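>>> My questions are about this predicted structure, shown below with the sequence.
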Amino acid sequence: MSYKAYFDGSCSLSDCGIGYVVRDPDGFPVCEVAEYVGRGDALKAEYLALMALIQHLISLKIDQADIHGDSRTVVCQVNGQINTREKSRFRQIIMSIRLYFNQHPGWRLKWIPRTQNGMADSLATEGLCFIKSGK
């Protein structure tokens, strides 16, 4: 049985927050993470959220996971459904993420509507709050 994981990135006034959730095969939360990740834009936040989630899955030694995100661009570029331009500013991170997926054939990346990604979205927004609180 597969774990289920959800990621999201958020951006406000060039500050970026990320959030992700990992649930075990029975649906119980393994982790819920919210982080401030610096300056950038919404797409950068999405890629950073996916990369952070992947690194967490590796640290937890999770080999079977359905990974969900609501950024169609990120999901389609990583899955190779949209070509990544040679000069794309995200090409390096996309290639790194693809390598991780190649090394973990039990991981599947799927697009979901934003309405089905509420917890990760809330955590990404919470991550934006850490810049104000200094955490």
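Happy to help now that I have it.
>>> And the pLDDT at Arg89?
Per-residue pLDDT puts Arg89 at 87.
>>> what about it, how many residues close to it?
A count of nearby residues for Arg89, using other Cβ atoms under 10 Å, gives 11. Every residue, glycine included, has its C-beta placed from N, CA and C.
>>> again, but for Lys61
6.
>>> which other helices and strands contact the host helix or strand of Tyr20?
Per DSSP states H and E, Tyr20 falls inside strand 15-23. Judged by 3 or more Cβ pairs under 8 Å, 6 or more residues apart in numbering; DSSP states H and E, strand 15-23 is in contact with strand 3-12, strand 29-39, helix 42-59, helix 118-133.
>>> closest to Leu109 out of those?
The closest approach between Leu109 and any of those, judged by Cβ to Cβ, belongs to helix 42-59 at 8.0 Å.
>>> chain center to the helix or strand following that closest one: distance?
As assigned by DSSP H and E, the chain's next helix or strand after helix 42-59 is strand 65-69. With Cα atoms, centre = their mean, to the nearest Å as the basis, strand 65-69 stands 9 Å off its chain's centre.
>>> Please tell me how far the nearest residue to Gln81 once chain neighbours are set aside sits from Gly127.
In space, and not counting its chain neighbours, Gln81 is closest to Val75: 7.9 Å by Cβ to Cβ, 6 or more residues apart in numbering. Counting by Cβ to Cβ, to the nearest Å, the gap from Val75 to Gly127 is 20 Å.
>>> More neighbours: those two, which one.
Gly127 (26 against 20).
>>> do you know how far the residue positioned nearest the centre of the chain is from Gly118?
By Cα atoms, centre = their mean, the chain has its centre lying nearest to Leu50, at 2.3 Å. According to Cβ to Cβ, Leu50 stands 17 Å off from Gly118.
>>> Look at stretch 55-73 and report the distance between its end residues.
Start and end residues of stretch 55-73 are separated by 21 Å (Cα to Cα, to the nearest Å).
>>> Okay, buried residues for that stretch please.
His56, Leu57, Ile62, Ala65, Asp66, Ile67, His68, Gly69, Asp70, Ser71 (16 or more other Cβ atoms under 10 Å).
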